[in-house]
Every structure is written in C-alpha cells, then in structure tokens.
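Q: Quick one, fold the following:
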Amino acid sequence: MTVTAQMARFALVGVVNTGTYYGCYLVLLMWLPYIAAHVIAFALSMTGSFFLNSWFTYRTRPTWRKFLLFPLTNAANFVITTGGVYLLVDLAGFSSRYAPLVAAAAAIPITFVVSRTIMLRPDTPAPEAERVP
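A: Residues are numbered from 1 along each chain as shown. From the prediction side, this is the model:
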C-alpha cells in the first residue's frame, strides 16, 4: 500500500477517532471538568484508534508490543491538544465545547509520522545475517 493510501486511510480513521473522542468528551463534560473529560475521552478514543489503524490503515496484525508503543504516537498529540485546549479556553476565552477540535487539527501531521513508524516496525529484530552493519 502506498504512503498516499495510508495517509487517506489515516485521515478517515482520524475522522472516526475524532468523532468518538468528541462524543465521549461531550458526555463526560456533563459531569466532569473539561480537562478530566478531555483526558478520559482521549484514552478511550486512543484505544479504538490503535485497532482501526492496525487493521484498516496499515493492514498489520495488532500485537501487545505495538499496543504498548502506540501511546507514543499520541504523546505529541496529547501534549499539543491538551496545551491547546488550555490555551484556547483559559487564555483566549474560547468555548470549552469547541476548543478540542481546533487544538486537534495542529497535531494530525505529527501523529501520522509517529504512528506509521511504530505500526510498520517489525515485531522482532532482523536476524544477524539481515542486519546492516
């Protein structure tokens, strides 16, 4: 599969993931402060994103190793979106209902690059004969 096809599939998974995140966020926002709602919704949508990206985007088998590494793909996303939500709501006076959508847009390219690197990485190291010195 080409990188362009992967980018298109990643974008589609991103739309689904964003919808999942935002729906969870809005529900949780009824009972929790916006930062707590953001963190919980983010964790739930990240789990779904792992499986969708494994099967649909990169067509690779999900493994525990990849699952445990996958949060690294979202570390930059989490920092950018959390910081963005805070800056937009507390400093810029933006609505807490829409701030996560704006903040998420800035994190997409970084998340794709890191995600692709982790998801397409072999699960086991290459045998000695195949390693480049």
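Q: what about residue 20, how many neighbours?
A: A count of nearby residues for residue 20, using other CB atoms under 10 Å, gives 18. Placement of C-beta: from N, CA and C, glycine included.
Q: right, I mislabeled it, should have said residue 115
A: 24.
Q: nearest residue to it other than its sequence neighbours?
A: With CB to CB, 6 or more residues apart in numbering as the criterion, residue 115 has its nearest non-adjacent residue at 4.1 Å, and that residue is residue 73.
Q: Also residue 55?
A: Nearest non-adjacent residue to residue 55, counting by CB to CB, 6+ apart: residue 62, 7.3 Å away.
Q: Name the SS class of the one you found, please.
A: coil (DSSP: H, G, I helix; E, B strand; the rest coil).
Q: can you offset everything so residue one is 55?
A: Okay, residue one is now 55; in that scheme the one you just asked about reads as residue 116.
Q: Quick check: which element contains residue 76?
A: helix 57-83 (DSSP states H and E).
Q: Check which element follows that helix along the chain.
A: According to DSSP H and E, the helix or strand after helix 57-83 is helix 88-106.
Q: Taking helix 57-83 as reference, get the angle to that next one.
A: 140 degrees (axes from the mean of the first three to the mean of the last three CA atoms, to 10 degrees).
Q: list the buried ones in helix 88-106?
A: 88, 91-92, 95-96, 98-100, 103-104, 106 (16 or more other CB atoms under 10 Å).
Q: And stretch 153-160, by the same measure?
A: 153-154, 156-158.
Q: got CSV for these, with pLDDT and distance to residue 71 too?
A: Formatted as CSV, those follow (pLDDT from 0 to 100; distance: CB to CB, whole Å):
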residue, pLDDT, distance to residue 71
153, 91, 17
154, 88, 12
156, 87, 16
157, 87, 14
158, 82, 9
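Q: quick one: which of those is nearest residue 136?
A: Taking CB to CB as the measure, residue 157 is the one of the buried residues of stretch 153-160 closest to residue 136, at 7.8 Å.
Q: Can you tell me how far residue 72 is from residue 144?
A: 22 Å (CB to CB, to the nearest Å).
Q: neighbour-wise, which of those two wins?
A: Neighbours per residue (other CB under 10 Å) separate residue 72 from residue 144, with residue 72 holding more: 18 against 13.
Q: Okay then, goodbye and thanks.
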